[in-house]
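1. Okay, structure incoming, though there's no sequence with it:
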């Protein structure tokens, strides 16, 4: 009888734990599509320890910045054959890189992020694997030449990775299964999908539909890609490659700021139901290859003017770790060199907080109808939702610019969203070099 009681008690505890786990998964901190603010973590550079545990002490700082979605760069073991030590050379889709810790460390981090009422997404690398991935024994799962040699992704110099064959249905099924593993076991809230333009549309449509069907899980999918069919496949967001390149040309080549209006149309083609572009002024790729925001966009003042446009105009925004303290040096691939010094340039943090906080508080900015008044030098626009109105001006030139107020706005009264001062518009507005003005009604 005592044995039976023990068995019953153990069984009851077991099922209680299962029910508790399922109940935990039903609590989602994933924001609406329009409300997301992303923070990209490069695990190697983020802390002195360069591992998952090293992220924990700064979660409050990330939260206080105004972030609601944490995006972790690849957490998986890295291949050794042809290796350049890239986090995007994955040798096992369902394990944690020992360099970063173990599954328990990841689960602790995910739970801690959730406890701060933020969501967390993983970086998924679907197009290719390491040459010593466990799948490599299934040669038909990979692209091959006429001699049967497994190939690297065509048209790239990514010689450390093997191109997957998306005509093979067994491979596709296994990949979706591996993605599901992290949702059901680690309780993550979705994926940023690396090189999403590589895999075909029908794979993404199948994968996203399958994963969204998992009970009790609200998910986010971000395509690191340009293809407009990503929206139709079910992605929430595309990546703002075109905006970033255009912004660089505006600063470096004096390209007309009006070009952003064209980018808005191109990048949102096919978007519906709140699907948007993720924009940025730096990330792990361009920070190392092109430079910091201060390098590319005219120092602190210019980089903040650029960030205002990326955050407010027609997108959701992503911050790259260290950006918020104005890290003055590049974090160069494979990210094993310099670490972020979190004690530098605290004045940057205050500016980023201000800009993000107003976006988070403004329904008009997040969901309002956009009307552009942009000139060759100034990005200017209104966002209107019901009775709420916002008027944003950002001078993207290192010179004073006289901006002619749109006729319909002359003599209208506003409130400066940053200072709280009353502001009445005249016939023109004088903007200092790289100055921005954010008004609300």
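-> Arrived safely, thanks for sending. Quick caveat, the model's predicted, so the values are computed rather than measured.
2. now residue 247, nearest residue through space, not along the chain?
-> residue 306 (5.8 Å; Cβ to Cβ, 6 or more residues apart in numbering). Every residue, glycine included, has its C-beta placed from N, CA and C.
3. Now do the SS call for the one you found.
-> helix (DSSP: H, G, I helix; E, B strand; the rest coil).
4. Surely it is in contact with residue 396?
-> Yes - between residue 306 and residue 396 there is a contact under Cβ atoms under 8 Å: 6.9 Å.
5. Please enumerate the shared neighbours of the two.
-> residue 251 (Cβ atoms under 8 Å, 6 or more residues apart in numbering).
6. Lowest-scoring secondary structure element of the chain by mean pLDDT?
-> helix 2-25 (a mean of 41; mean pLDDT, DSSP states H and E).
7. Which other helices and strands does the next helix or strand after that helix contact?
-> Next in sequence after helix 2-25, counting helices and strands by DSSP states H and E, comes strand 37-41. Judged by 3 or more Cβ pairs under 8 Å, 6 or more residues apart in numbering; DSSP states H and E, the packing partners of strand 37-41 are strand 69-72, strand 316-320, helix 346-361.
8. Distance from the chain centre to the second one, please.
-> Counting by Cα atoms, centre = their mean, to the nearest Å, strand 316-320 is centred 6 Å from the centre of its parent chain.
9. Run through who's touching it.
-> So strand 316-320 is contacted by 33-40, 42, 65, 67, 71, 237, 276-280, 282-284, 287, 307, 310-311, 352, 356, 359 (Cβ under 8 Å, 6+ apart).
10. Quick check, pLDDT for residue 156.
-> pLDDT, residue 156: 97.
11. Tell me which helix or strand it sits in.
-> Here residue 156 is assigned to no helix or strand, by DSSP H and E.
12. Next one: it relative to residue 108, how far apart?
-> According to Cβ to Cβ, to the nearest Å, residue 156 stands 36 Å off from residue 108.
13. Please list all residues in contact with the residue nearest to residue 247.
-> 247, 251, 281, 293, 297, 394, 396.
14. Now the first one: which helix or strand?
-> Per DSSP H and E, residue 247 falls inside helix 241-252.
15. any idea of the mean pLDDT in that helix?
-> Across helix 241-252, the per-residue pLDDT values average to 98.
16. for it, packing partners?
-> Packed against helix 241-252 by the contact rule (3+ Cβ pairs under 8 Å, 6+ apart) you find helix 259-267, strand 276-279, helix 293-296, helix 299-312.
17. Let me see the residues that make contact with the first one.
-> This means helix 259-267. 226, 238, 240, 242-243, 246-247, 249-250, 277, 309, 313-314, 370, 372, 374, 379.
18. circling back to that earlier point, I'd like to know which of the helices and strands packed on strand 37-41 is closest to residue 47.
-> strand 69-72 (13.0 Å; Cβ to Cβ).
19. chain center to whatever helix or strand comes next after that closest one: distance?
-> Downstream of strand 69-72, the next assigned helix or strand under DSSP H and E is helix 103-115. Relative to its chain's centre, helix 103-115 lies at 19 Å (Cα atoms, centre = their mean).
20. what angle sits between helix 103-115 and strand 37-41?
-> 160 degrees (axes from the mean of the first three to the mean of the last three Cα atoms, to 10 degrees).
21. Helix 103-115 - contacts with which helices or strands?
-> Checking 3+ Cβ pairs under 8 Å, 6+ apart, helix 103-115 ends up next to strand 119-124, helix 169-186.
22. Pull the residues that contact that helix.
-> So helix 103-115 is contacted by 27, 29, 51-53, 55-56, 59, 70, 75, 95-96, 100, 119-120, 185-188 (Cβ under 8 Å, 6+ apart).
23. Pull out the buried members of those.
-> Buried subset of the contacts of helix 103-115 (neighbour count, 16 or more other Cβ atoms under 10 Å): 29, 51-52, 55, 59, 70, 75, 96, 100, 119-120, 186-188.
24. Identify the farthest-apart pair in the residues you listed.
-> 29 and 51 (23.7 Å).
25. quick check, nearest of the contacts of residue 306 to residue 181?
-> For these, the nearest to residue 181 is residue 281 (33.8 Å; Cβ to Cβ).
26. Touching, the closest one and residue 294? I think so.
-> No - if you go by Cβ under 8 Å, residue 281 and residue 294 don't touch, sitting 9.8 Å apart.
27. Same drill for the two, tell me which one is more crowded.
-> residue 281 (31 against 21; other Cβ atoms under 10 Å).
28. Excluding sequence neighbours, find me the nearest residue to the more buried one.
-> Leaving aside its sequence neighbours, residue 281 sits nearest to residue 293 (Cβ to Cβ, 6+ apart; 4.5 Å).
29. got the contact list for the one you found?
-> 281, 282, 303, 306, 307, 323.
30. Let me have those residues in CSV, extended by pLDDT and distance to residue 145.
-> Formatted as CSV, these follow (pLDDT from 0 to 100; distance: Cβ to Cβ, whole Å):
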residue, pLDDT, distance to residue 145
281, 98, 41
282, 98, 38
303, 98, 45
306, 98, 44
307, 98, 45
323, 98, 42
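31. and the two most separated of those?
-> 306 and 323 (11.6 Å).
32. tell me, what's touching these two both at once?
-> 281, 293.
33. related to what we said a few turns ago, can I get the buried ones among the contacts of helix 103-115 in CSV with distance to residue 389?
-> What follows is these, written out as CSV (distance: Cβ to Cβ, whole Å):
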residue, distance to residue 389
29, 30
51, 46
52, 44
55, 39
59, 35
70, 32
75, 43
96, 48
100, 46
119, 30
120, 34
186, 42
187, 40
188, 38
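34. what's in contact with the helix or strand containing residue 162?
-> If you go by DSSP H and E, residue 162 is part of strand 161-163. Under the contact criterion Cβ under 8 Å, 6+ apart, strand 161-163 has outside partners 79, 82, 86, 88-89, 127-131, 133, 136, 142-143, 150-154.
35. Mark which of those residues are buried, thanks.
-> For those, buried by 16+ other Cβ under 10 Å: 79, 86, 88-89, 127-131, 133, 136, 142-143, 150, 152-153.
36. nearest to residue 431, of those residues?
-> residue 88 (41.0 Å).
37. Tell me which residues touch that closest one, please.
-> Per Cβ under 8 Å, 6+ apart, neighbours of residue 88: 74, 125, 161, 194.
38. ok, now how distant is it from residue 194?
-> From residue 88 to residue 194 the distance is 6 Å (Cβ to Cβ).
39. Find residues that contact each of the two.
-> Contacts common to residue 88 and residue 194, judged by Cβ under 8 Å, 6+ apart, are 74, 125.
40. ok, back up a step: and which of the buried ones among the contacts of helix 103-115 is nearest to residue 269?
-> residue 119 (27.0 Å).
41. Settle this for me: that closest one is touching residue 71, isn't it.
-> No - the pair residue 119 and residue 71 fails to qualify as a contact (Cβ under 8 Å) at a distance of 9.4 Å.
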